[in-house]
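Visitor: Show me how the following folds:
(2 chains)
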There are 2 protein chains.
Amino acid sequence: METNTTTLADYLFTRLRQLGVDSIFGLPGDYNLNLLDYVEPAKLHWIGNCNELNAGYAADGYARIKGLGALVTTFGVGELSAINAIAGAYAERAPVVHVVGTPIRDSQDSRSLIHHTFNDGEYQRFDRMYEHVTVAQTMISDLRSAPGEIDRVLLQCLVHSRPVRIAIPDDMVALRVPTRNLDSKISIPLPARQPKVEEEALAVILERIYNAKRPMILIDGESRQSQILDEVDHLVRSTEWPTFTTGFGKSLIDETLPNVYGVFIPAHKPFVDSCDLVLHFGPHPSNTNTYIFQTIPPAATTVAFAATTVKIDKQTFRDLPAKLFLPQLIAQLDSAKIPAYKPDLPHPTTTLAAPSALTPTEKVNNASFWKKLTPFFREGDIILAETGTAGYGANEFILPPRTRLFKPVTWLSIGYMLPAALGASLAQRDRAAHGSEPGRTVLLIGDGSFQLTAQELATIIHHKLDVVVFLINNAGYTIERCIHGHDARYNDITPWRYLKALELFGAPTEGEYAGHAWTVRTWADLEGVLSDERMAKGKGVRMVEVCMEMLDAPKVLLNLLEKQFPEKSGA
Amino acid sequence: METNTTTLADYLFTRLRQLGVDSIFGLPGDYNLNLLDYVEPAKLHWIGNCNELNAGYAADGYARIKGLGALVTTFGVGELSAINAIAGAYAERAPVVHVVGTPIRDSQDSRSLIHHTFNDGEYQRFDRMYEHVTVAQTMISDLRSAPGEIDRVLLQCLVHSRPVRIAIPDDMVALRVPTRNLDSKISIPLPARQPKVEEEALAVILERIYNAKRPMILIDGESRQSQILDEVDHLVRSTEWPTFTTGFGKSLIDETLPNVYGVFIPAHKPFVDSCDLVLHFGPHPSNTNTYIFQTIPPAATTVAFAATTVKIDKQTFRDLPAKLFLPQLIAQLDSAKIPAYKPDLPHPTTTLAAPSALTPTEKVNNASFWKKLTPFFREGDIILAETGTAGYGANEFILPPRTRLFKPVTWLSIGYMLPAALGASLAQRDRAAHGSEPGRTVLLIGDGSFQLTAQELATIIHHKLDVVVFLINNAGYTIERCIHGHDARYNDITPWRYLKALELFGAPTEGEYAGHAWTVRTWADLEGVLSDERMAKGKGVRMVEVCMEMLDAPKVLLNLLEKQFPEKSGA
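Guide: Got it, this is the predicted structure:
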C-alpha cells in the first residue's frame, strides 16, 4: 500500500511545475471549479483570461518562450472556444497542455442530460474533435492508471512539441494517487544510437561539406523545437558561411553577425541556387514560410536536418534525432577542411536599417516604418508581429541578439498575437524570476487583427506586464485588400477609437503602471514617441496608434495588390 | 444543355435569400474573398463581425428570430474559431448555415503545404470535426452534384432546426450551375400520414383529456422549432387550463393571460404532481432547463409532444410530426367535453411584478431588480438574459405579448448573448423591413460574460441597432461563486471601466444614434434611468452599468451559495 499520496489535481499541476510551467491560463466553468482549487496550492500562478480562445493563444505564446504552456477550461463550451488556438499550436509546434474539467463520472456513465452537452447523452464528441488537433489525449476515468496516463501524454507533448489534452472528471480531482512517479521529472528519453545510419549520414555530409565551394546555411523555425539552436549557432559562427533564415527562423540566430543576411526572400533565390551546399535546419516548408514555395532551397544541394531525419537530395536518413546527431557532426568536423566562403552580399544593415532622409511632416508609410522602428529594439525583447502588414514588415527588422520574434508562420489565425503577447510576456517575467534578464514585449498588430481579441489587453494591464503595442490603423484588412477586393466592403472593419482601449480595459491613470497612448501620423510624431522617456524606460502598457493609408503595405503585398489593376501594372 | 445558369456562389446565396436570410455574418479570409464578392449582388446584407465566434453566435441569434441564419468564414482558422457557436446551435436547435471558403481543389488534391493547414497535406480534419456539431455537411468538389448537395444540406437544416456546413473551394465559386432548382423554394416536405398511428394516439389522448379533472399545459422551448406555437396558443386560450412554461419556453406564450403562471419552478412541483394530465409541448429536459431535473412532469400523467413523436407514459407513438398531428387533435376535440380547471394559483403579476416599497437610496439588489425592470419591456421587444444572475433573474419577468426571451438553456456558453443580441436585433430589423412591427433589443448580461465577446458591441453600434444593454457589474463570475469558490481568485475578472466601451467601440457622441451610458447603484438611480426619455424612446445603443454586490444573486443561486457555508445554513 502506498503511503505517500497526493490528489490527482496536485499530481498534474506538480508535473506541470516540474516541466517549467509557472503560470497557467484559463477560465473557470462549472466542471473545473474544484480542479482550480489546486492551482495556487501547487504554486502555479493563475491567469484568468477574458475568453478561452485567448487563453489558448496565451498558453501557446508562453510555451514558445518557456518550453511548455498550459491552460484549464471547462468541458464543451470552454474547450471548443479554445480549439482554434490548440490547432495553431499543433500546426506550428508549440507544446501546450490543455486541461479540461469534465462532468462527474456518474453523469457520463448514466448519459445524464446535463448542460454543456448536446442534450443527447453523448459525452465523447469533444474527445473525438480534439484528436484532430492534439498529438496525445487522455480521458481519465480509472484512478489506477491516472498518473501513468498523465505522464504518457505530457511526454508526447514534449517529444513532438505539440499540444495534448488531459480531461479530468470533476469527481476525480481530489482523489488520491501515489506520488512516487513525481520523484523523477519527465524528460524526452535519449534514443539508442543507430551507429550504421549515423556513420552513413556523417560520411555523406562531411564529404559534401569538405567539397563545397559555395556553402550556405538556412535556419528555419523548427530548429527551436528540435532544440538544436546552440549547435546551429556554433556552426554559423565557426564556418562563417553566409546564413539566411526563413520568416519562422528569424531571431533564432544573432542577426547582427556579419555573415547573417536576414530572411531568405525571393530576391535571394539566384544566390541560393548558386550555392553548392545548403545546410537547412528545422525545415517548415509551408507556402507562407517560403514566399509561396519560391524560397525552398534546391533539393540536390540541400542537407535538411528535421527533428529526427536528415534528408540529402533523394536520400532520407531516419531515426537520427538532430539534437543527438548535430553534436556528432560538429565533433567530427575537421576545421582545417571547412571551406571558407565570403560572397559579396549586401548585409541588411546597409540596405534595411537606414531609411533615406524622411521629411518630418510626411505621413508614415510601410516603405520606411519598419526600418525606422529597428533601433527601438533592445536585447532581451520579445517582438510579436501579427499576420498582416506587420508580419511582412517585420522581415525588415534587424534584431539585436537575444531577442525573439513571433511572426505569421502557417496557421495565420488573426487575433493570435495579442494574447500570445500576454503569454510571451508572462513567460519572460517568469523566466526572469528564475534569473534570466528581464525584457520588454513589443506587439505590432493591425486594426483588423486587434479587434478579434482586443479584450485580452485587460489581462496584460491587470498583471502589470511591460508591453508596448504598435497598432497599425489602416482602416481594415489591408492584407486581404492586397489579395482580393481592395475596396470591397467585406474588407472593412468597424471604426474604433483604439486608444480608448486603455481606459476600458482598466489601465491605471497614474503611477508607475499608468497607461500611455500616442497617435502617430507623421515621421515627426514617430520620432517623438520613440524618444519619449515613457516609451524607452517606462513600465506597463504603452500603446501607439500608427495611422497608415488603407492600401499601403510592405512591398510583397503591394506586388499582389498591383495584380488587381492590370491596366495600371500593364502600363 | 442548360441555358439558364448562374454562379455556384450566387446559387447558394439565392437559396439563403429564398429561405428568409436577409443579413449574413462572418469575416473575410484568404479562402473566402471570391465567395464574398457574391454576397451583396445576391441582395444579402453583409455584416462583418469582429471575430468568428461572435459571427457564429450572431447567426444563431438571427436564426432564432428569422427562422434561418448564416455565416461565412474561411477554412481552418475561421471555422474552428466559430465551432463553439455552431455546437451551441446544435444543442439548442438553432438552424444555422455555416458556409466555409476552402482552398482550391488543386491545392487539396496535391496535398500542398499551404497556410491554415497543419503543414502535412491533410485537408479533411475540419470536415471531420464539424460532423460532430452539424446535422448535415457537404464538401463541394464536383460541379454536377453541387446544386443538389446544397439543397440536400439546407433541407436537413430546416427539418432538424440544427446547423449545417457547406464547404466551397475557392476555384468553384464562379463556376456556373443550372438555375432550374431555384424555381422552387426548399421546404420541409409534408410527410405521408400514418392513419393507424394517428388513430391510436388520438384515441388515447382524447380519452385522457375528456377524463381529466385537473389538467394543465407545460410549454417547453422545442415547441418553436416544431412550429406548433399557433396550435399551442390555441389550446392554452381555448382550454383555459393552468399553463406553465420552462425557462426555454418562456415568452412563447402570452404571459399576461390569466391562466399562464410563468416558469415552472420547483415550488410548483406539488401542484404539477397533483394534476392528472400534463400536455407537454416541445420537451427539452436538460438539467438547466428543469432545475436539475426537479421540474420534469410525472411520466404517468404526461402527454409529451416532441418534433415527430408523442409520448404517453411508457407508450411512444413515432412518425407523428407535431406540426401535422396537433391540428388533427384540435379538430377532433369536442369542446363540450373539455374539462374546466381553474385552480387557486397565484398569478405572477400578483407576486412578482410588484416589488415592495424600496428605499430610493438603497443599493439595487437581485431581490427586486428583475421585478422593477418588468414594466420597462414593451410589445415587440427581444430580451436576452445571459447565463449567470441575469439568466435566473429573467424568470421573474412578466413579459408583454409578442416579446421574445433568450435565456440560458443547455449550451450555456457565456459570451453568447451579446453577439446573439446583434443577430436578434438585425433579424428584428430585417423582419420590420418585410412589414413586421419594429422593436427594441434588450440585453441583460453580467460583467464576466460581457468580457468574452465585448467587441461585438462595435458591430451593434456600427449598424445603428436599437439595443439597450444592462450590464450587471458584480466583480466576477457570481454564478460560479454561488456554485463553488465564493471568494476564490479564479472567479475574479479584470476590472474594466465598462461604460468606456461605447467610446472605444465607436459610438457617435452626438446625433440620433449617440451612445448614452448610465451607472446605477441605487433604486433612485434605476428609477432615473428607466424614466429617462433617451432610454424609453431613444435610438442606438444605450448602456446601463448596474452595480450589485459580489455575492448577491437570484434566490436559486443563493440557495446554492448557502451550501458553501454549512455552519451558517445550519444555524
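
Visitor: residue ranges of the helices in the stretch 451-571 of chain A, please?
Guide: Applying DSSP state H, counting those that start in this stretch to the stretch 451-571 of chain A gives helices spanning A:457-462, A:478-483, A:501-504, A:523-530, A:533-536, A:555-562, A:566-570.

Visitor: lowest-confidence stretch among the ones you listed?
Guide: Between the helices of the stretch 451-571 of chain A, the one with the least mean pLDDT is helix A:566-570; it has a mean of 55.

Visitor: mind putting the helices of the stretch 451-571 of chain A in a markdown table, distance to chain B and mean neighbour count included?
Guide: All C-beta spots, glycine's among them, are computed from the backbone N, C-alpha and C. As requested, the helices of the stretch 451-571 of chain A are exported to a markdown table (distance: least, Cβ to the nearest Cβ, whole Å; neighbours: other Cβ atoms under 10 Å in any protein chain shown):
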| stretch | distance to chain B | mean neighbour count |
| --- | --- | --- |
| helix A:457-462 | 4 | 25 |
| helix A:478-483 | 5 | 25 |
| helix A:501-504 | 4 | 24 |
| helix A:523-530 | 21 | 18 |
| helix A:533-536 | 21 | 12 |
| helix A:555-562 | 11 | 16 |
| helix A:566-570 | 17 | 8 |
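
Visitor: Out of those helices, which is closest to B:T239?
Guide: helix A:501-504 (52.2 Å; Cβ to Cβ).

Visitor: Doesn't A:G101 belong to a helix?
Guide: No: secondary structure of A:G101 (DSSP: H, G, I helix; E, B strand; the rest coil): strand, not part of a helix.

Visitor: For A:A201, which non-adjacent residue is spatially closest?
Guide: Closest residue to A:A201 apart from its sequence neighbours, by Cβ to Cβ, 6 or more residues apart in numbering or on different chains: A:F317 at 4.2 Å.

Visitor: Identify the bridge partners of that neighbour.
Guide: A:V310 (DSSP bridges).

Visitor: gap between it and chain B?
Guide: Counting by Cβ to the nearest Cβ, to the nearest Å, the gap from A:F317 to chain B is 21 Å.

Visitor: now do A:Y392
Guide: For A:Y392, the distance to chain B - Cβ to the nearest Cβ - is 13 Å.

Visitor: Return the list of helices and strands in contact with the helix or strand containing that residue.
Guide: Using DSSP states H and E, A:Y392 sits in helix A:389-393. When contacts are defined as 3 or more Cβ pairs under 8 Å, 6 or more residues apart in numbering or on different chains; DSSP states H and E, helix A:389-393 packs onto helix A:366-373, strand A:441-446, strand A:467-473, helix A:478-483, helix A:555-562.

Visitor: Report the strands that pair with the third one, each with its relative direction.
Guide: Its sheet considered, strand A:467-473 pairs with strand A:441-446 (parallel), strand A:541-547 (parallel) by DSSP bridges.

Visitor: That strand to helix A:523-530, inter-axis angle?
Guide: 160 degrees (axes from the mean of the first three to the mean of the last three Cα atoms, to 10 degrees).

Visitor: Contacts for strand A:467-473 next, please.
Guide: For strand A:467-473, contacts defined as Cβ atoms under 8 Å, 6 or more residues apart in numbering or on different chains pick out A:373, A:388-390, A:418, A:421-422, A:425, A:440-447, A:450, A:457, A:460, A:498, A:535, A:540-548.

Visitor: related to what we said a few turns ago, just how off-centre is the helix holding A:Y392 within its chain?
Guide: 15 Å (Cα atoms, centre = their mean, to the nearest Å).
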